[in-house]
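Asker: Following is a predicted model, sequence given first.
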Amino acid sequence: MRRGLLPLLGLLAAGGQMTFTVPALGQFSVDIEPKSENTSGPQVVHYLHVAPKTTSDPPQGRVCLRLSINNSGTNALQLSMVTIAVGTHQNAIPISSTSFTEPVPPIPPGGTGIWSNQGPTPAAPGSTTFNRSDCLLFPLPAPNSGTLTLSFGGIAAPPITFALKAHDGPDYAFPGKASERPHGEFWQANSVVHQTGTEGSQLFAYDMGVVGFDPKTMTWSQCFPGVVCRPCSKDGCKPGENNNLQNTDYRIWGTNACLSP
């Protein structure tokens, strides 16, 4: 990356976006999510508290970003690298057809490109082995800021500095109430069961369900006791799968969603 060859001619923060003018690239702006609304100064990016790897490890924070890149120059931009750094920890993520992050097509003049971190992705089509998420992990307490560096065609733009803030709600409040669950049922949530969706549309979402113990099978299940809680495969039903599984068979069916105003 030829960062030393790229003096910055213009840098403007407006409406939460950072706008750059770089001689070899032209002008572009970047909007980062998830963030607090901020009309001036660095964008305030939210990070998530996550459990330590073991009980003897320090608590961790995780940054997962979704970027909207607007090309206001006269040449197409091809994103080739995204580098996210928090303190001494960083992820340099190459953007190519061979990497497990989604490639970003060339961004035409006047166009917008979307890039996002990826959750765990299959190592190969149909594989049960997964690559780990490329979201950045870092030890807590978190520093006050981090940086984002975008490279286009191997040329690095100047780093973007963003402020860091922990997810604290109420926008991210838990959407269910334990008091509404019958005795013996519990909420279950997972954010690593599939990829992050088109343009990172599911990057900040959980897959949620309700589980309870089935005394007939002596297992925990998302379905009511006695129901075989395994839908048929895409290529047809296999032994142990239920070809008559209904939405009403799931414990979560009909549950209220508690949303922040």
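Answerer: Perfect, I can see it now.
Asker: Could you list the domains of the chain?
Answerer: Structural domains assigned to the chain are 3-166, 178-249, following automatic domain parsing.
Asker: Pick the most deeply packed of these.
Answerer: Among these, domain 3-166 has the highest mean neighbour count (mean count of other CB atoms under 10 Å), at a mean of 16. C-beta here means a position set from N, CA and C on the backbone, and glycine is covered the same way.
Asker: Please state the mean pLDDT value computed over it.
Answerer: Averaging pLDDT along domain 3-166 gives 78.
Asker: Return the residue of this structure that is most distant from the centre.
Answerer: When distances are taken from the C-alpha mean of the chain, residue 216 lies farthest, 37.9 Å away, according to CA atoms, centre = their mean.
Asker: Distance to residue 255 added to the domains of the chain, as JSON lines?
Answerer: As requested, these are exported to JSON lines (distance: least, CB to CB, whole Å):
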{"stretch": "domain 3-166", "distance to residue 255": "24"}
{"stretch": "domain 178-249", "distance to residue 255": "7"}
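Asker: now for the ones you listed, which one comes closest to residue 256?
Answerer: With CB to CB as the criterion, residue 256 lies closest to domain 178-249 of the domains of the chain, at 6.4 Å.
Asker: Look at that closest one and report the distance between its end residues.
Answerer: For domain 178-249, the first-to-last residue distance is 20 Å (CA to CA, to the nearest Å).
Asker: of the domains of the chain, which approaches residue 259 most closely?
Answerer: Of the domains of the chain, nearest to residue 259 by CB to CB is domain 178-249, at 13.1 Å.
Asker: can you give me the offset of the closest one from its chain's centre?
Answerer: Distance of domain 178-249 from its chain centroid, counting by CA atoms, centre = their mean, to the nearest Å, is 22 Å.
Asker: any idea of the mean pLDDT for it?
Answerer: 83.
Asker: Spell out, range by range, the strands that occur in the stretch 151-261 of the chain.
Answerer: Secondary structure of the stretch 151-261 of the chain (DSSP state E, counting those that start in this stretch): strands located at 155-156, 160-166, 185-190, 207-214, 219-221.
Asker: I'd like the ones you listed as TSV, with distance to residue 53 appended.
Answerer: Shown next, in TSV, are the strands of the stretch 151-261 of the chain (distance: least, CB to CB, whole Å):
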stretch	distance to residue 53
strand 155-156	31
strand 160-166	19
strand 185-190	17
strand 207-214	22
strand 219-221	24
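Asker: so which of those gets nearest residue 36?
Answerer: Closest among the strands of the stretch 151-261 of the chain, using CB to CB: strand 160-166, at 6.2 Å.
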